[in-house]
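> I would like the atomic coordinates for the input below:
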Amino acid sequence: MRFPSPLVPARLVRRYKRFLADVELEGTGELTVAHCPNPGAMLGLAEPGTRVWLEPNDDPRKKLKFGWRLVELPGGHLAGIDTGVPNRVVSEALAAGAISELAAWDNVRPEVRYAEKSRIDFLLSGAGKPDVYVEVKNVHLRRESDLAEFPDCVTARGARHLDDLAAMVGEGHRAVMVYLVQRTDCGRFDLARDLDPAYGAAFDRARKAGVEAICYGTEITRGGVEIGAPIPLMV
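Model prediction:
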């Protein structure tokens with residue numbers, strides 16, 4: 001997934017109201033407001049003074065002329081904060097057969113309604129194979145060592161998705177939870193059970209019911225985000 005426009009550097013002044021961020025553009029010192037496409041807590045990624053990368057736009061329909069895309073991390077690493085990116089990355093990876101666990105299915109449909117009030121991120125189908133319900137979650141929390149964690153705040157919606165996937169397995173389908181780590185300094189994955197015990201319990205129920213869980217890293221540059229190597233689960 002390539003960014004449509006070259007990113008520009010800035011310093012974060014503050015993030016507020018979840019979807020807004022005051023930033024100071026590098027070079028000019030201009031203060032402006034950028035869209036923050038992330039409803040989560042963004043623990044460790046929204047500290048004032050952090051160097052960030054913004055995507056400019058000249059769309060007259062948009063009130064804000066910049067969208068926050070990346071956070072610069074120590075050691076030359078990067079983290080992506082746009083929660084819309086993982087689905088695009090996984091979509092491209094599925095089309096390219098880059099996710100080995102899901103490479104044998106020919107037909108991929110995004111955003112298909114299922115269960116009582118949910119949409120599955122991707123529904124995979126193929127002749128002579130069970131349908132595969134694929135849910136994608138964005139991961140960018142890191143609190144210790146090289147361990148990526150999910151979620152970074154309470155997510156009742158995420159727990160519901162796990163229960164919906166378990167129901168699909170009960171109907172004879174296959175269900176796979178894909179955790180995509182949108183930062184380049186992690187080599188393992190676990191659940192942040194202390195931040196959302198209910199999600200941890202839902203994950204355990206889903207795994208017991210037969211829902212699969214896999215994790216992949218990403219390759220992030222200022223040009224875009226692509227699927228990376230598999231990351232081991234510690235759960």
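
> give me the pLDDT for the residue nearest in space to the middle of the chain.
In the chain, the residue lying closest to the centroid (C-alpha atoms, centre = their mean) is residue 138, at 1.8 Å. Per-residue pLDDT puts residue 138 at 97.

> do the same with residue 116
Residue 116 is given a pLDDT of 80.

> how about it, secondary structure?
Recorded secondary structure, residue 116: coil (DSSP: H, G, I helix; E, B strand; the rest coil).

> for it, grab the count of nearby residues.
Residue 116 has 8 neighbouring residues, counting by other C-beta atoms under 10 Å. (Each C-beta comes from the backbone N, C-alpha and C, glycine too.)

> hey, C-alpha coordinates of the one helix or strand the residue nearest to the centre of the chain maps to in CSV?
Residue 138 is part of strand 132-139, with elements assigned from DSSP states H and E. Below are the C-alpha coordinates for strand 132-139, written out as CSV (Å, rounded to 0.1, in the frame of the first residue of the first chain):
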residue,chain,number,x,y,z
VAL,A,132,-13.0,-18.5,5.5
TYR,A,133,-14.1,-15.5,7.6
VAL,A,134,-11.1,-13.2,8.1
GLU,A,135,-11.1,-10.4,10.7
VAL,A,136,-8.1,-8.0,10.7
LYS,A,137,-7.0,-6.0,13.7
ASN,A,138,-4.5,-3.2,13.8
VAL,A,139,-1.7,-3.6,16.4
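
> next structured bit after that strand?
strand 141-144.

> avg pLDDT for that following strand?
97.
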